[in-house]
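Undergrad: no FASTA, just this:
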């Protein structure tokens, strides 16, 4: 219920953010609610690039972060492509915003979360000092092989699904090459050992936390 004003009780996501406080100002009564203005770290990438593997490897070993896999909240009610899955993305941002109030930033793993447009357009975005994006990628040949070798219950061997993931993988590579904003850091998992990937992500997070003064 963090979106509910402590004074007037109005439920407003669109609070004005005073970064100097930091405070979230209620549009209804003007109450200035102090809060922790922390970054959010996002690791995206196509299916098969290693997001879940890396998340499982890092979880429980980095005590200054909260590791989350976006799949754990997926429900059929969120399957709304007509509005670009807005409810799913907003729910996750709201959850991470509340977790941040414990003083520990979140590192969220999820395919579509690596696409800045999906998060930057949300009203909940204003509660994060920064959203830092990183994408895991790999070569088309290795990605296709990984998907084809997945167990049947994953339903990843359909040729159309594989093509979609290859295109999505290339989208991250092209976005990075074009130097678009906000930037997406790329980590290639084609041949890299798991621990090297983990180390790269750790260094990326540490740099941003230092820059943010968390």
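TA: Sure, I can see it. Quick caveat: nothing in here was measured; it's all calculated off a predicted structure.
Undergrad: tally of neighbours for the closest residue to residue 190 other than its chain neighbours?
TA: Distances taken as Cβ to Cβ, 6 or more residues apart in numbering place residue 138 nearest to residue 190, at 4.1 Å, with adjacent residues excluded. Where C-beta positions appear, they are placed from N, C-alpha and C, glycine not excepted. Using other Cβ atoms under 10 Å, residue 138 has 23 neighbouring residues.
Undergrad: so who does residue 138 touch?
TA: When contacts are counted by Cβ atoms under 8 Å, 6 or more residues apart in numbering, residue 138 touches 48-50, 146, 169, 188-190.
Undergrad: could the residues you listed be laid out in CSV, adding neighbour count, secondary structure and pLDDT?
TA: What follows is the contacts of residue 138, written out as CSV (neighbours: other Cβ atoms under 10 Å; DSSP: H, G, I helix; E, B strand; the rest coil; pLDDT from 0 to 100):
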residue, neighbour count, secondary structure, pLDDT
48, 26, coil, 95
49, 29, coil, 96
50, 21, coil, 95
146, 20, helix, 95
169, 23, helix, 98
188, 16, strand, 97
189, 24, coil, 97
190, 14, coil, 95
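Undergrad: what's the pLDDT at the spatially most central residue of the chain?
TA: In the chain, the centroid-proximal residue (Cα atoms, centre = their mean) is residue 42; its distance is 3.1 Å. Listed pLDDT for residue 42 reads 98.
Undergrad: What separation do you get for it and residue 171?
TA: To residue 171, residue 42 is 15 Å away according to Cβ to Cβ, to the nearest Å.
Undergrad: before we move on, back to that, now the residue nearest to the centre of the chain, which residues is it bridged with?
TA: Assessed by DSSP bridges, residue 42 has beta-bridge partners residue 108, residue 133.
Undergrad: I'd say it and residue 111 touch.
TA: No. Residue 42 lies out of contact with residue 111 (Cβ atoms under 8 Å); the separation is 10.6 Å.
Undergrad: Name the helix or strand for residue 44, please.
TA: Element membership for residue 44, per DSSP states H and E: strand 40-45.
Undergrad: Just the pLDDT for the residue nearest to residue 190.
TA: So residue 138 comes in at 96 (pLDDT).
Undergrad: what sits up against stretch 150-161?
TA: Residues contacting stretch 150-161 (Cβ under 8 Å, 6+ apart): 47-48, 147-148, 162.
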